[in-house]
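Colleague: let's see this in three dimensions:
(one chain, ligands or ions: 1)
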Amino acid sequence: MSMFEGIPVDVGVIYEGERIRRQDMHVELGGPDQKTKFELVRVKGLDVVEDGKITVVGPDIKDMKEGSSHPFGIYVEVAGKGVEEELEGVIERRIHEYCNFIEGFMHLNQRYDIWLRLHKKSFGKGLNSFNLIAKVLQRLFKSELSFIEKIQITFFTDPKRVKEMYDEALKVYEARDAKARGMKDEEVETFYGCTLCQSFAPTHVCVITPQRYSNCGSISWFDGRASARVDPKGPVFEVQKGELIDSEKGEFSGVNEAAKKKTLGAVNRVWLYTGFGYPHTSCGCFEAVAFYIPEVEGFGIVHRGFKEVTVNGLPFSTLADSTAGGRQVDGFHGISIEYMRSPKFLQADGGWNRVVWMPATVKERVKDFMPKEIADKIATENEAKTVDELKAFLKAQEHPVVQTWKEIPVEVAPEMEEAAVPTIPLPTTAIAAGGFKIILKNAKIHAERLIIRREKEKR
Ligand code: SF4
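Modeller: Predicted structure coming up:
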């Protein structure tokens, strides 16, 4: 008998990475149109969890209008002799993976950011109830994580109950995140790695340290440790730090070796505490993006939930595309909100002194972790909507990055002074960049303004 007997659609790894467009969806659960959404796993006693129990609180899929969007919550309670509370975060992260195994069912993101869609075709095949989805999840959880002896699942779609449980879930996430605060990377010999997102980004590996939370913001160093203990062959594994190569940038020989091995040589070096050079890879599940704004020589931050365009005119989705895919992109860095609370946050780039802009909601969430003297100097969408406005704000507030803007006066030849618009004649000039040489013969470069800056020390 098949493991998925009675399920009207196919279930398997091949469906991971499947995207469902709006016009193809039967319903949408959570996502950007819904304020309240969550997924939460709690470990309970063996006498509390009723194995196989499924509850739907609110309308079931078959009662939802085609094309509609709903607040949504998935609440999973598990029990087993070896199951500790520390495993909750890791079990919870598997909801993403297992939902995506279901043909025509898409799951994105995590925790309070989940976004699911059911394809019209799968609905047409009979996938019309959360009971069926819960059955798949229960079977996958018990077969893949053998330490789970009992599992019960509740789906919430009733808006009032989703909100109540959402508030509850936020408290649980906060308690989990707070646990690792105060610990230092220097105090441990072992970090943890995670390759769960390689199905979407094959060259991505998360390196989880006490002071660098996973990009998705759902797996802490403690979660990594608990997971690697009970499931050592699973996607979360130990990384021995090895030799410290650079304490400022956060380079360790053991991390480099692990990245090389897990990405099959695609990534050979990782600098944990910087957005430049060899930054930590970014998959696609990151909670936020740190993006460099060259005009002001500082970092902007934008989180997934920000619906406006950022200060450089680009929305989160475009910045996320420039960052994602398991790449190391100079100046584009996928991060979790919790990492922003870490003293190692962008340490090699100047930390908070290099951050110039972020949405007001993110600022509110992390303000207690910013140095007091910088908080008012960082703009939000309320103070700056364009780079010009940002420049003026940073100058007025005397943000530390302003110190780096000093311009060196250029000596201009008398004949050029006369010209209304400066034009630089270039009889023959060679520009070398990225292995190419471009030769300009008898070219004239027209510029409204010429700024020459002293080259900074190599980052
Ligand atoms: S973002 Fe990182 S830690 Fe989170 S699931 Fe993906 S690989 Fe694992």
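
Colleague: what's near enough to touch the nearest residue to Val27 once chain neighbours are set aside?
Modeller: On the basis of Cβ to Cβ, 6 or more residues apart in numbering, the spatially nearest residue to Val27 that is not a chain neighbour turns out to be Met64, at 4.8 Å. Where C-beta positions appear, they are placed from N, C-alpha and C, glycine not excepted. Contact analysis of Met64 by Cβ atoms under 8 Å, 6 or more residues apart in numbering lists His26, Val27, His70, Thr157.

Colleague: 10 Å instead?
Modeller: Listed by Cβ atoms under 10 Å, 6 or more residues apart in numbering, the contact set of Met64 reads His26, Val27, Glu28, Leu29, Gly58, His70, Leu118, Phe123, Asn128, Thr157.

Colleague: do a quick rundown of the helices in the stretch 101-250 of the chain.
Modeller: Under the criterion DSSP state H, counting those that start in this stretch, helices of the stretch 101-250 of the chain are mapped to 120-124, 130-144, 159-180, 221-230.

Colleague: buried residues, the shortest one. List them.
Modeller: Neighbour-count burial for helix 120-124, counted by 16 or more other Cβ atoms under 10 Å, picks out Lys120, Ser122, Phe123.

Colleague: now what about it, what contacts it?
Modeller: Against helix 120-124 from outside (Cβ under 10 Å, 6+ apart): 8-10, 15, 20, 23-27, 61-62, 64, 66-67, 102-105, 127-128, 132.

Colleague: in this protein, which helix or strand is least confident?
Modeller: Lowest by mean pLDDT, DSSP states H and E among the helices and strands of the chain is strand 423-433, with a mean of 43.

Colleague: where does the stretch 351-459 of the chain dip in pLDDT?
Modeller: Counting by pLDDT under 70, the stretch 351-459 of the chain has low-confidence residues at 407-459.

Colleague: could you pull out the strands in it for me?
Modeller: Ranges of strands in the stretch 351-459 of the chain, per DSSP state E, counting those that start in this stretch, are 355-357, 423-433, 436-446.

Colleague: so which elements touch the shortest one?
Modeller: Strand 355-357 sits against strand 288-293, strand 298-303, helix 360-366, helix 387-397, with contacts defined as 3 or more Cβ pairs under 10 Å, 6 or more residues apart in numbering; DSSP states H and E.

Colleague: would you convert those into CSV that also reports mean neighbour count?
Modeller: As requested, the helices and strands packed on strand 355-357 are exported to CSV (neighbours: other Cβ atoms under 10 Å):
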stretch, mean neighbour count
strand 288-293, 25
strand 298-303, 24
helix 360-366, 16
helix 387-397, 17
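
Colleague: right, and the ones you listed - which one's nearest the ligand?
Modeller: Closest of those to the ligand is strand 288-293, at 12.3 Å (criterion: Cβ to the nearest ligand atom).

Colleague: pLDDT on that closest one, on average?
Modeller: Regarding strand 288-293, the rounded mean pLDDT is 97.

Colleague: what pairs with it, parallel or antiparallel?
Modeller: With DSSP bridges as the test, strand 288-293 is paired with strand 298-303 (antiparallel), strand 332-335 (antiparallel).

Colleague: redo these as a markdown table? Include distance to Thr190 and mean pLDDT.
Modeller: Shown next, in a markdown table, are those (distance: least, Cβ to Cβ, whole Å; pLDDT from 0 to 100):
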| stretch | distance to Thr190 | mean pLDDT |
| --- | --- | --- |
| strand 298-303 | 29 | 97 |
| strand 332-335 | 22 | 96 |
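
Colleague: indicate which one of these is closest to Glu389.
Modeller: The closest of those to Glu389 is strand 298-303. By Cβ to Cβ, the value is 12.8 Å.

Colleague: next SSE downstream of that closest one?
Modeller: For strand 298-303, the succeeding helix or strand toward the C-terminus, using DSSP states H and E, is helix 316-323.

Colleague: quick one: is that following helix near the ligand?
Modeller: No - judged by Cβ under 6 Å from any ligand atom, helix 316-323 stays clear of the ligand, getting no closer than 12.6 Å.

Colleague: any chance you could list what contacts that helix?
Modeller: Residues outside helix 316-323 that contact it (Cβ under 10 Å, 6+ apart): 32, 215, 275, 279, 281-284, 286, 288-291, 300, 302-310, 312, 314, 329, 331-335, 359.

Colleague: of those residues, which are in range of the ligand?
Modeller: Asn215, Cys283.

Colleague: ok, and the closest non-adjacent residue to Val387?
Modeller: Spatially, and ignoring its direct neighbours in sequence, Val387 is nearest to Glu295 (4.9 Å; Cβ to Cβ, 6+ apart).

Colleague: would you mind measuring from that neighbour to the ligand?
Modeller: 30 Å (Cβ to the nearest ligand atom, to the nearest Å).

Colleague: pretty sure that residue is in a helix, no?
Modeller: No - counting by DSSP: H, G, I helix; E, B strand; the rest coil, Glu295 falls outside a helix, being coil.

Colleague: I'd assumed Ala392 was in contact with it.
Modeller: No - assessed by Cβ atoms under 10 Å, Glu295 is found out of contact with Ala392, at 11.9 Å.

Colleague: how about the residues of the stretch 51-200 of the chain near the ligand?
Modeller: The stretch 51-200 of the chain comes close to the ligand at residues Arg93, Cys194, Thr195, Leu196, Cys197, as judged by Cβ under 6 Å from any ligand atom.

Colleague: try 8 Å this time
Modeller: Taking Cβ under 8 Å from any ligand atom as the contact definition, the stretch 51-200 of the chain meets the ligand at Arg93, His96, Gln110, Cys194, Thr195, Leu196, Cys197, Gln198.

Colleague: closest one of these to Glu398?
Modeller: So of these, ranked by how close each gets to Glu398 (Cβ to Cβ), first place is Gln110, at 38.2 Å.
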